[in-house]
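Student: Have a look at this fold, sequence not included:
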């Protein structure tokens with residue numbers, strides 16, 4: 001009986017809670033959204049601290065929506081996490097569960113590719129249009145997109161190309177001003 005108890009104790013000391021992500025890794029371009037399912041499984045019951053003490057942190061990702069923990073079965077829980085990819089490089093969702101037995105960790109890794117100027121410009125245009133029309137937007141999305149446009153796309157060596165992009169931005173600003181005027185007149 002002592003051997004069984006000892007094996008049980010050793011197992012619990014090594015594995016307090018296990019985490020798995022579905023998919024375990026991801027890939028996308030800056031500005032895109034990705035959804036992950038996080039599953040937690042207690043390796044010992046009852047858990048002394050509970051599932052709500054799990055900490056989730058994000059690196060190079062902006063959480064868009066995070067569901068509450070859903071109980072799948074005794075000792076198994078699920079959470080749906082949707083994130084927006086912030087900038088080129090690696091992004092991570094990290095989970096940590098602190099309990100008196102052992103700290104448990106898990107992570108999902110996302111490879112984030114740079115997007116084109118046109119893709120970033122389109123998103124900025126859409127966000128600004130929504131803002132001026134009074135539609136709800138995430139200001140953090142707008143801030144990230146504008147910062148990306150200003151820092152990730154250096155001015156071209158060809159002045160004509162630079163002037164063409166500047167004209168494109170000015171045209172978009174004029175369109176936004178016209179839409180704003182129409183919205184105000186429509187009230």
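Tutor: Ah, there it is. The structure presented is a predicted model; accordingly, all values stated were derived computationally and were not measured.
Student: Can you list the low-confidence ranges for the protein?
Tutor: Low-confidence segments of the chain (pLDDT under 70): 1-15, 155-167, 169-170, 173, 187.
Student: quick one: the helices in it?
Tutor: With helices called from DSSP state H, the chain shows them at 2-14, 117-132, 139-151, 159-186.
Student: residue contacts, the spatially most central residue of the chain?
Tutor: Among the residues of the chain, the one closest to the centroid is residue 83, at 2.1 Å (CA atoms, centre = their mean). Contacts for residue 83 (CB atoms under 8 Å, 6 or more residues apart in numbering) come out as 33, 34, 35, 36, 58, 61, 62, 63, 64, 91, 93, 110. C-betas here are computed from N, CA, C, even on glycine.
Student: Could you turn the buried ones of these into a PyMOL selection?
Tutor: Selection of the buried residues among these in PyMOL, burial being defined by 16 or more other CB atoms under 10 Å:
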select buried, resi 34+36+58+61+62+91+93+110
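Student: Could you give the backbone dihedrals for the nearest residue in space to residue 86 that is not next to it in sequence?
Tutor: Excluding its sequence neighbours, the residue lying closest to residue 86 (CB to CB, 6 or more residues apart in numbering) is residue 60, at 4.9 Å. With angles defined as degrees, to the nearest 10, residue 60 sits at phi 60, psi 20.
Student: mind checking how far residue 34 is from residue 26?
Tutor: In this view, residue 34 and residue 26 are 5 Å apart by CB to CB, to the nearest Å.
Student: right, I mislabeled it, should have said residue 60
Tutor: 12 Å.
Student: who's more crowded, those two?
Tutor: residue 26 (20 against 16; other CB atoms under 10 Å).
Student: How about the contacts made by that one?
Tutor: By CB under 8 Å, 6+ apart, residue 26 lies in contact with 34, 36, 108, 109, 110, 111.
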